[in-house]
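1. I'd like to go over a predicted model; first the sequence, then the structure.
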Amino acid sequence: MIRKIIQPFYTAYVIVTFVITILIAFPFFALLSVGRDAAARRGVHRAIRVWTVAWLWLIGMPVRTLGKRPAGERYIIVANHISYMDTLVIFPAIKGYFRPLGKKEVGKIPVVGFIYKQVVIMVDRSSAASRAKSLRLLWRVVKHEGSIIIFPEGTFNETPAVLKDFYDGAFRLAINTHTPILPVILPDTAHRWHYSGWWKLWPGKNRAIFLDPIPVDGLTMDKLPQLKAQVFAVMEAELGKYERP
C-alpha cells in the first residue's frame with residue numbers, strides 16, 4: 001500500500017532529474033562528438049559513464065559489481081535483458097571502453113537519440129541487411145577499438161523462463177574474431193524499472209555480476225550451437241539464484 005502511494009512521486013522525481021541532468025550534460029556530449037571518430041566516441045563514452053554514475057546515485061539506484069570486471073582485455077560481453085535500466089547500468093558496471101549493440105528505433109528519440117547514436121551500433125532486427133551490416137561494424141570495433149556488449153536475447157524477456165533463447169550474433173562474432181565471451185547477469189534491474197510499465201520505478205541496488213570468461217580459441221563455426229548452449233547454461237544457472245520480479 002505504501003509503495004503504491006509513494007511510487008508516482010518517486011517516478012516523477014526520476015523523470016524530472018533525468019530531464020534536468022541530461023539537458024545539462026547535453027552540450028558536453030555534443031562538443032565531445034564533433035570529431036565523429038574513435039577518439040570522439042571514447043570521449044562521449046566517458047561522459048556517459050560519469051552521467052550515469054551520478055544520476056543513478058541521485059535517484060537511489062547505485063550500481064554494485066560482483067566478480068572480476070574486465071580491465072584492458074577485449075571481450076564479447078553478453079548480458080540478460082529484462083528492463084530499460086539494463087542499458088544504463090552497463091556503463092557504471094563495465095570498466096573501460098566498449099560499444100553496445102542496440103535497437104535502431106531508440107536513435108529517433110530527441111536528445112537521447114543523439115547521444116545514443118554516438119556510441120551504439122544500431123541494428124534493425126527485422127532486416128537481414130541491417131543485421132549483416134551491424135556484424136561487420138562489430139567486427140571492426142573488436143579488432144580496432146575495444147569490447148562490445150550484446151543482449152543476446154534481443155529484447156526484453158517477458159516470459160516465465162529465466163532467459164529467452166539467444167540469437168547467434170554474439171557467438172558468431174566471438175568465433176570469427178577469436179574473442180572470449182564475458183557473461184554478465186543483471187538480477188535487479190527489473191525490480192528497479194519493470195518492463196510492464198514506464199511508471200514502475202523503485203529505488204534500490206543494481207547488481208552487475210561478472211561470470212568467468214569463456215574462451216573460444218580453436219572453435220570453428222560448426223561449434224556455434226555448443227558455445228551458445230554453454231553460455232546460456234552458465235547464465236541461466238547463476239540468474240536462477242536470484243529473485244524474479
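-> Okay, I see it.

2. quick one: pLDDT of Ala40?
-> At Ala40, the model reports a pLDDT of 88.

3. quick one: contacts for it?
-> For Ala40, the contacting residues are Leu32, Ser33, Val34, Gln118, by CB atoms under 8 Å, 6 or more residues apart in numbering. All C-beta spots, glycine's among them, are computed from the backbone N, C-alpha and C.

4. could I get the residues you listed as JSON lines with neighbour count?
-> Formatted as JSON lines, the contacts of Ala40 follow (neighbours: other CB atoms under 10 Å):
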{"residue": "Leu32", "neighbour count": "20"}
{"residue": "Ser33", "neighbour count": "19"}
{"residue": "Val34", "neighbour count": "9"}
{"residue": "Gln118", "neighbour count": "19"}
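
5. for those residues, which one is nearest Arg74?
-> Comparing the contacts of Ala40 against Arg74 with CB to CB places Gln118 closest, at 20.2 Å.

6. Is the closest one located within a helix, as I assumed?
-> Yes - Gln118 sits within a helix when classified using DSSP: H, G, I helix; E, B strand; the rest coil.

7. Low-confidence ranges, this structure, go.
-> Within the chain, not a single segment meets pLDDT under 70.

8. got the buried residues for the top helix by length along the chain?
-> If you go by DSSP state H, the chain has its longest helix at helix 2-32. Of the residues in helix 2-32, Tyr10, Thr11, Val14, Thr21, Ala25, Phe29, Leu32 count as buried by neighbour count, 16 or more other CB atoms under 10 Å.

9. Spit out the contact partners of the fourth one.
-> The contact partners of Thr21, taken as CB under 8 Å, 6+ apart, are Trp51, Ala54, Trp55, Leu58.

10. now do 7 Å
-> If you count contacts by CB atoms under 7 Å, 6 or more residues apart in numbering, Thr21 has them with Trp51, Trp55.
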